[in-house]
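Novice: Got a predicted structure here, sequence first:
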Amino acid sequence: MSENNQLRDVFDAIADPTRRRLIRLLAEAEEIPLHELTAQFQMGRTAVSKHLTILKEAGLVLDRKVGRETRFRLNASPLREIQDWVAFYGKFWSTNMLRLHQLLEEEEE
C-alpha cells in the first residue's frame with residue numbers, strides 16, 4: 001500500500017496509547033510475531049489484531065505470513081507527516097516567543 005492510498009489518517013492511528021505502544025515495540029525490533037506482541041498487553045489476540053489493522057490501514061505496519069504465523073514490522077515513513085506538522089508548530093511557537101520577548105524588552109526601555 002503506498003502512502004497516497006492510506007485508508008486511515010496517520011494522526012488517527014497514533015491517537016490511541018495502545019497503538020503508540022505497538023509502534024514503539026515494532027520500532028525496537030526488526031519483526032515481531034503476533035503472539036509476542038500480544039504477550040506485551042493485557043488484552044486478547046483479537047484486540048491486538050484490531051489495533052494492528054488500524055496501523056496497517058494508516059501504512060504504519062507491514063505484515064507477512066511465515067507458515068501459520070503472522071509477523072509484523074514498522075513502516076515509519078508515514079510518521080514523517082507528523083514530524084512535519086510538529087516541526088511547523090515548533091517553528092511557529094519559537095517565532096512567536098521571540099516576538100514576545102522583543103516586545104517585552106521594548107517595553108522595559
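Specialist: Looks like it came in fine. Residues are numbered from 1 along each chain as shown.

Novice: what about the helices in this structure?
Specialist: 10-14, 17-27, 34-38, 45-57, 79-108 (DSSP state H).

Novice: Residue 66 is nearest to which of the ones you listed?
Specialist: helix 34-38 (10.8 Å; C-beta to C-beta). Every C-beta, even on glycine, is put in place using the N, C-alpha and C of the backbone.

Novice: Mind listing what's buried along the closest one?
Specialist: For helix 34-38, a neighbour-count test (16 or more other C-beta atoms under 10 Å) marks 34, 37-38 as buried.

Novice: Which residues are in contact with the most centrally placed residue in the chain?
Specialist: Against the mean C-alpha coordinate of the chain, by C-alpha atoms, centre = their mean, the closest residue is residue 14 at 4.6 Å. Residues counted as contacts of residue 14 (C-beta atoms under 8 Å, 6 or more residues apart in numbering) are 20, 23, 58, 60, 79, 82.
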